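S.K.: the following comprises the amino acid sequence and a computationally predicted model.
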Amino acid sequence: MIRTEIRIEHSKTSHPCKQEAVSKTDGVSSMTLPGGKTMRSPDPAPSPTIYGKRLYTPLLFVVSAPSGAGKTSLCKEIARKSSWIHYSVSYTTRSPRPGEQNGIDYTFVTKDQFQEMQANNHFIESAEVYGNFYGTSLRTIEDSFSKGLDVLVDIDIQGAQKIRQSGIDNTSIYILPPSYAVLQERLALRGQDSLETVRKRLERVRQEIYAYQEYDYLIFNVDFQQAVNDLQSIIVSEHLRRQRLSSFVKDHFIEHFSGETIKSHPFSLREAP
Ligand SMILES: Nc1ncnc2c1ncn2[C@@H]1O[C@H](COP(=O)(O)OP(=O)(O)OP(=O)(O)O)[C@@H](O)[C@H]1O
Ligand SMILES: Nc1nc2c(ncn2[C@@H]2O[C@H](COP(=O)(O)O)[C@@H](O)[C@H]2O)c(=O)[nH]1
């Protein structure tokens, strides 16, 4: 039975954020609205520049969730809103769902192509999930980092474990649905998988849910906008961790700050009349 508490009723490929053409330049996202008008909106948290140097260094964010909890929708919305975050498009041997586009939702490859890429160390991690192969391109991550962009990867529990075990610095986030019933509804409403596929995925969920213990942060995706805000807050907080900023402060900030002299007549030091 379909319950009524679902707030967003859209399929993965008809998500509102996908209908807008988004370009990212100079730390400002711009989107083309229906009718052709362009709207420019500042990033929610652009990286400040301190003594000529960007404060944030690029970070890797790993997002996992039981199937249907909403991780892909959340990741894409975050990447759409923030010009300094790149959503990594994975390679997969799975067949495209209706409306999925090659190079945008996934890069769709054959099993032979995938195995060749694996053999050539193309992937930072890869795994078999629900009977198909998925992999994250190492080059995509390196290219994004070299452009100063954070990277968001939407991968399964095995992939997250492999990244953790490899020692690559990353922050991991597990997305939880409000309930099992809502998860079923979301998968049904998405309406893009066969009943057999949905059943297989739902069977796995009761086990997968325990993986929450392995992640740094948890988000309950009840209200979509709230979950987007939560994910954004995590990303910003990670950048502001003292451990991440210590060397910047020590090697760059302190050096410039202590090299500055007192201005001859700074406003705050004027004698009272
Ligand atoms: N907060 C929400 N409220 C209602 N519906 C939501 C919410 N978040 C996502 N959805 C919808 O739930 C469905 C599943 O979301 P999504 O495809 O993002 O999940 P997923 O975790 O990436 O699943 P999978 O691992 O199977 O790809 C989609 O139709 C999406 O629009
Ligand atoms: N280990 C990896 N898992 C991945 C990758 N890309 C996606 N996924 C995960 O696969 C399942 C199924 O995805 P679906 O699009 O078929 O529903 C889901 O958990 C994804 O997070 C990847 O590159 N590596």
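M.R.: Great, that's in hand. Ligands and ions are numbered 1, 2, ... in the order given.

S.K.: would you mind naming what in the stretch 151-273 of the chain lies close to ligand 2?
M.R.: Selection of the stretch 151-273 of the chain residues close to ligand 2 by Cβ under 6 Å from any ligand atom yields Asp154, Ile155, Asp156, Gln158, Gly159. For glycine as for every other residue, the C-beta is placed from the backbone atoms N, C-alpha and C.

S.K.: looking at these, spot the one nearest ligand 2.
M.R.: The closest of those to ligand 2 turns out to be Gly159 (Cβ to the nearest ligand atom; 2.5 Å).

S.K.: buried ones in the helix or strand where that closest one lies?
M.R.: Gly159 is part of helix 157-166 when elements are defined by DSSP states H and E. Applying a neighbour-count criterion of 16 or more other Cβ atoms under 10 Å, one finds Ile157, Gln158, Gly159, Ala160, Gln161, Lys162, Ile163, Arg164 buried in helix 157-166.

S.K.: my read is that the second one contacts Val129, right?
M.R.: The reference is to Gln158. Yes: counting by Cβ atoms under 8 Å, Gln158 touches Val129, with 7.2 Å between them.

S.K.: on that earlier part again, filter the residues of the stretch 151-273 of the chain next to ligand 2 down to the ones near ligand 1?
M.R.: When contact is defined as Cβ under 6 Å from any ligand atom, those do not meet ligand 1 at all.

S.K.: as JSON lines, these with distance to Leu187 and pLDDT would be great.
M.R.: Shown next, in JSON lines, are those (distance: Cβ to Cβ, whole Å; pLDDT from 0 to 100):
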{"residue": "Asp154", "distance to Leu187": "16", "pLDDT": "97"}
{"residue": "Ile155", "distance to Leu187": "19", "pLDDT": "98"}
{"residue": "Asp156", "distance to Leu187": "16", "pLDDT": "97"}
{"residue": "Gln158", "distance to Leu187": "20", "pLDDT": "98"}
{"residue": "Gly159", "distance to Leu187": "20", "pLDDT": "98"}
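
S.K.: can you redo these as CSV with distance to Thr93?
M.R.: Shown next, in CSV, are those (distance: Cβ to Cβ, whole Å):
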residue, distance to Thr93
Asp154, 17
Ile155, 15
Asp156, 14
Gln158, 15
Gly159, 15
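
S.K.: just the closest of these to ligand 1, please.
M.R.: Distances from ligand 1 to these, taken as Cβ to the nearest ligand atom, are shortest for Asp154 (6.4 Å).

S.K.: so what's that closest one bridging to?
M.R.: Asp154 forms beta bridges with Val63, as assigned by DSSP bridges.

S.K.: now for it: which residues touch it?
M.R.: Taking Cβ atoms under 8 Å, 6 or more residues apart in numbering, we find Asp154 in contact with Val63, Ser64, Lys71, Thr72, Cys75, Tyr87, Ser88, Ser90.
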